[in-house]
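In: Fold the following.
(chains A and B)
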Amino acid sequence: MSILVGRDTRLVVQGITGREGEFHSRAMLEYGTDIVAGVTPGKGGQSALDGRVPVFDTMADAVRQAGANASCIFVPAPFAPDAILEAADAGVSLVICITEGIPALDMLRVYHAMKGKGVRLIGPNCPGATTPDQAKVGIIPGSIHRAGSVGLVSRSGTLTYEVVQAMSDAGIGQSTCVGIGGDPIVGTSFIEVLDLFNQDAETEAIVIIGEIGGEDEERAAAFVAREVRKPMAAFIAGRTAPPGRRMGHAGAIISGGAGTAESKRTALEAAGVRVADSPSHIPALLRAAGVP
Amino acid sequence: LKLQEYRSKQILASFGVPLQPGEVATSPEEARAAAERIGGPVVVKAQVLVGGRGKAGGVKLAATPDDAAQRASEIIGLDIKGVTVQTVLVAPAADIATEFYLGLILDRSAKALTIIASAEGGVEIEETARTNPDAILRLPLDPMLGLQRFNVRQVSFFLGIPERLRSVFAETLQGLYDAFIGSDADLAEINPLVVTAGGELLALDAKIVLDDSALYRHPNLEAMRDLNEEEPSEIAAREAGINFIKLDGTIGCMVNGAGLAMTTMDLVKLAGGEPANFLDIGGGAKADRVAAAFRIILDDLSVQAILVNIFGGITRGDEVARGIVEARGTLERDVPMVVRIVGTNAEEAAEILRQANLITAGSLDEAADKAVTAARTSG
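Out: Purely as a prediction, here's the structure:
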């Protein structure tokens, strides 16, 4: 059954008539994702993707009339926090926000407003989640995947693709791949995704792709040591990143000596996770950990 | 975006923090005039963003206006860690009795705005965290309620603020909080916050770091950016919409995606080379942006080779390859280029690159190795 997205996903795309939204919705649809609705305020009653997807004015309509249970957001940063809150209010159980560049104070407010509502937010500033051969929600290229039993969770975009491609080339398939996003405040942390993979019967091993900044990887390591018995491999980007500079992602910064790649690597290794020097080494580490 | 002390003080003052902002000067004459207007002894402070300006001779006391002009002439033009001082702040000198640290940060793990306070003011908070962690109060604020009066009392009692100064301390902390929210900051700190010998509470130095993602709604704050302290190449990159950070190595990197860009730098290092930069060209890798990225990388004369790593995915690899070849044709300086393109039509892409005499690579590890070798040969 993998995690987060799959055959049961009935997706609504917020911002489906925008350039990015339309482009990626088309790719999702071609992959086989069940897109049941789009939302663009003011364009309700129209359709998108050559008439294949009905467009609604509000998320409430998309849920009530099209039965959407998950949302993917391509709305520009100034309007994305409101779009996330609208999705949560409409009653979908999963919101994946691709949008980059949302102010941190906006996300702080959104994060706490969503707590206790029974809706999971992935992102923002993330590539989305894909369960190979079932559903792809977001912008991860569908062609790089191969169905299998290794779960992957990452803070990055193209780096994730790099690792997924390396795994698929080596014949190691994925249960689900999840990008949690590169911002300082994201809806779902490593620990929560690791917990889902840990409980998922179809996931037999887990790969975690981290980067400098914050202490999410260190916390994940503590969780792994306590809870996870499945084989794990990891890669941490940013060993050569200078302190005090934001490395592209708003959250990727070493500040006050904390958040270094070294600290994350040490924590993960202490928890029994095999940490790769290069993304291309991940398949070999998985094999060494017993993945067939 | 890090703001200079005088800018930070202007913002804090506008949100009600009690302080004496002083006046900026860019010449000894201006410093003299400022000192005359202020009256009494002043302190002349270099306005630079790098740390350690006091030790570098960038902060000096002056008893008279003539003295202030003299000090300013010593400080303006001074090189502090590679930055030439152009502006000084002339502010009233304070007779310090007690120093505190008072800051507000966005704590990612706690997912809360958090007050950081310490009775050991005047030193960097990271230093206190190492030497005397018990002297620091970390107080996360309820995200829905914000700063409450009981929070202020908690901090006030922790620091041992004397009773007659508690109301002005409350104004200070409230002002700091309002400035943080009002300017969409990442960090706002007063260090030191002092009690003077005369019994006044004053913010003597301040630092505000803004959230870059929120600058679109604060054009007035964007205008406070100090271009004097940014690498010209980084300014050019920002204008071209490219994420770029200059480093000290010889291998220029051009990558799509921040995580992959960091990884590419790491692998260059692993292969025995030194990356010259971090560069995330963003999605699509369009020809004009690729050309801009090449120019920015090659402006750094220590660059001996360029490694291009594009994970196309949905983008067509052959289009990216044509863009690279086209962009290369517009360059004034040329160095060996190793190009790796992954994605749809990767084989057509490789053929286009080979015909243009570019070095190609299948894996990232191979690309890093080839770039390091190429840099050694050409350098």
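In: and residue B:34, how many residues sit next to it?
Out: The number of residues packed near residue B:34 is 23, by other C-beta atoms under 10 Å in any protein chain shown. Quick note: C-beta positions are derived from backbone N, CA and C, even for glycine.
In: in stretch B:46-64, what's buried?
Out: For stretch B:46-64, burial by neighbour count (16 or more other C-beta atoms under 10 Å in any protein chain shown) applies to B:46, B:47, B:48, B:49, B:53, B:56, B:58, B:59, B:60, B:62.
In: Which residue lies nearest the spatial centre of chain A?
Out: Nearest to the mean C-alpha position of chain A, by C-alpha atoms, centre = their mean, lies residue A:179 at 2.6 Å.
In: what bridges to it?
Out: residue A:128, residue A:154 (DSSP bridges).
In: What is the neighbour count of residue A:30?
Out: 11.
In: unless I'm mixing things up, it is touching residue A:141, no?
Out: No. Counting by C-beta atoms under 8 Å, residue A:30 stays clear of residue A:141, with 11.3 Å between them.
In: circling back: just name the closest of the buried residues of stretch B:46-64 to residue B:306, please.
Out: Of all the buried residues of stretch B:46-64, residue B:306 sits closest to residue B:49, with 29.6 Å by C-beta to C-beta.
In: quick one: that closest one and chain A, what's the gap?
Out: Note on residue B:49: its distance to chain A, by C-beta to the nearest C-beta, to the nearest Å, is 10 Å.
In: where does that residue land in three-state SS?
Out: Secondary structure assignment for residue B:49 (DSSP: H, G, I helix; E, B strand; the rest coil): coil.
In: That one: what's it in contact with?
Out: Residue B:49 makes contact with B:2, B:4, B:83, B:226, B:229, according to C-beta atoms under 8 Å, 6 or more residues apart in numbering or on different chains.
In: let's see it at 7 Å
Out: Applying C-beta atoms under 7 Å, 6 or more residues apart in numbering or on different chains to residue B:49 gives the contacts B:2, B:4, B:226, B:229.
In: sorry, back to before: I'd like the buried residues of stretch B:46-64 as CSV, with distance to residue B:291 and pLDDT appended.
Out: Below are these laid out as CSV (distance: C-beta to C-beta, whole Å; pLDDT from 0 to 100):
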residue, distance to residue B:291, pLDDT
B:46, 38, 96
B:47, 36, 96
B:48, 34, 95
B:49, 31, 92
B:53, 39, 91
B:56, 40, 91
B:58, 40, 95
B:59, 44, 95
B:60, 47, 96
B:62, 51, 96
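In: So which of the residues you listed belong to strands?
Out: The strands, defined by DSSP state E, take in B:46, B:59, B:60, B:62 from the buried residues of stretch B:46-64.
In: quick check, nearest of those to residue A:7?
Out: Comparing those against residue A:7 with C-beta to C-beta places residue B:46 closest, at 63.5 Å.
In: Low-confidence ranges, the chain, go.
Out: Looking at chain A here, since you left the chain open. Scanning chain A for pLDDT under 70 picks out the ranges A:1.
In: actually it's chain B I care about, not the one you picked
Out: Under the criterion pLDDT under 70, the flagged ranges of chain B are B:284-285, B:313-315, B:379.
In: Longest helix of it, counting residues only.
Out: helix B:166-183 (DSSP state H).
In: Summarise which helices and strands it is packed against.
Out: helix B:5-14, strand B:96-107, helix B:149-159, strand B:185-196, strand B:201-203 (3 or more C-beta pairs under 7 Å, 6 or more residues apart in numbering or on different chains; DSSP states H and E).
In: So for residue A:10, which of those sits nearest?
Out: Judging these by C-beta to C-beta, what sits closest to residue A:10 is strand B:96-107, at 35.3 Å.
In: In its sheet, which strands sit next to the closest one, and in what direction?
Out: strand B:112-118 (antiparallel), strand B:185-196 (antiparallel).
In: Show me what the following helix or strand past the shortest one is in contact with.
Out: Going back to what we said before, that points to strand B:112-118. Using DSSP states H and E, the helix or strand that follows strand B:112-118 towards the C-terminus is helix B:125-131. Contact with helix B:125-131 is made by A:256, A:257, B:101, B:103, B:116, B:118, B:120, B:135, B:136, as judged by C-beta under 7 Å, 6+ apart.
In: what about the closest residue to the last one other than its chain neighbours, neighbour count?
Out: What it means is residue B:136. For residue B:136, ignoring the flanking residues on the chain, the nearest one in space by C-beta to C-beta, 6 or more residues apart in numbering or on different chains is residue B:118 at 4.8 Å. Using other C-beta under 10 Å, residue B:118 is surrounded by 24 other residues.
In: doesn't residue B:133 make contact with residue B:118?
Out: No. Residue B:118 is beyond contact range of residue B:133, at 9.8 Å (criterion: C-beta atoms under 7 Å).
In: near chain A, which residues of the stretch 201-350 of chain B?
Out: Residues of the stretch 201-350 of chain B lying close to chain A by C-beta under 7 Å from any C-beta of the partner chain are B:211, B:213-214, B:216, B:243, B:245, B:247, B:256-263, B:265-267, B:269-270, B:275, B:278, B:280, B:311, B:313-314, B:342, B:344.
In: need the strands for the stretch 101-250 of chain A, in chain order.
Out: A:120-122, A:128-131, A:135-138, A:147-154, A:174-179, A:205-211, A:232-237 (DSSP state E, counting those that start in this stretch).
In: these two touch, right, residue A:121 and residue A:112?
Out: No. Look at residue A:121 against residue A:112 with C-beta under 7 Å: they stay out of range, at 11.4 Å.
In: And those two? Which one has more around it.
Out: Taking other C-beta under 10 Å, residue A:121 and residue A:112 do not tie; residue A:121 has more neighbours (25 against 15).
In: quick one: the more buried one from chain B, how far?
Out: If you measure residue A:121 against chain B using C-beta to the nearest C-beta, the figure is 12 Å.
In: how about that residue, what does it touch?
Out: By C-beta under 7 Å, 6+ apart, residue A:121 lies in contact with A:84, A:95, A:97, A:114, A:187, A:188.
In: The residues you listed: which ones sit near chain B?
Out: Applying C-beta under 7 Å from any C-beta to the contacts of residue A:121, none is adjacent to chain B.
In: Nearest to residue A:37 among those residues?
Out: Using C-beta to C-beta, residue A:95 is the member of those that sits closest to residue A:37, with 14.1 Å.
In: what residues are up against that closest one?
Out: Residue A:95 touches A:71, A:73, A:84, A:87, A:88, A:119, A:121, counting by C-beta under 7 Å, 6+ apart.
In: Name the residues of the helix or strand that contains the third one that come out as buried.
Out: In this case it means residue A:84. Residue A:84 belongs to helix A:80-90 when assigned by DSSP H and E. For helix A:80-90, the neighbour count (16+ other C-beta under 10 Å) marks A:80, A:81, A:83, A:84, A:85, A:86, A:87, A:88, A:89, A:90 as buried.
In: about what we covered before: could you export the buried residues of stretch B:46-64 to CSV, including columns for distance to residue B:353?
Out: Below are these laid out as CSV (distance: C-beta to C-beta, whole Å):
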residue, distance to residue B:353
B:46, 49
B:47, 48
B:48, 44
B:49, 41
B:53, 48
B:56, 48
B:58, 50
B:59, 54
B:60, 58
B:62, 62
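In: which of those residues sit farthest apart?
Out: Based on C-beta to C-beta, the longest span within these runs between B:49 and B:62 and measures 23.1 Å.
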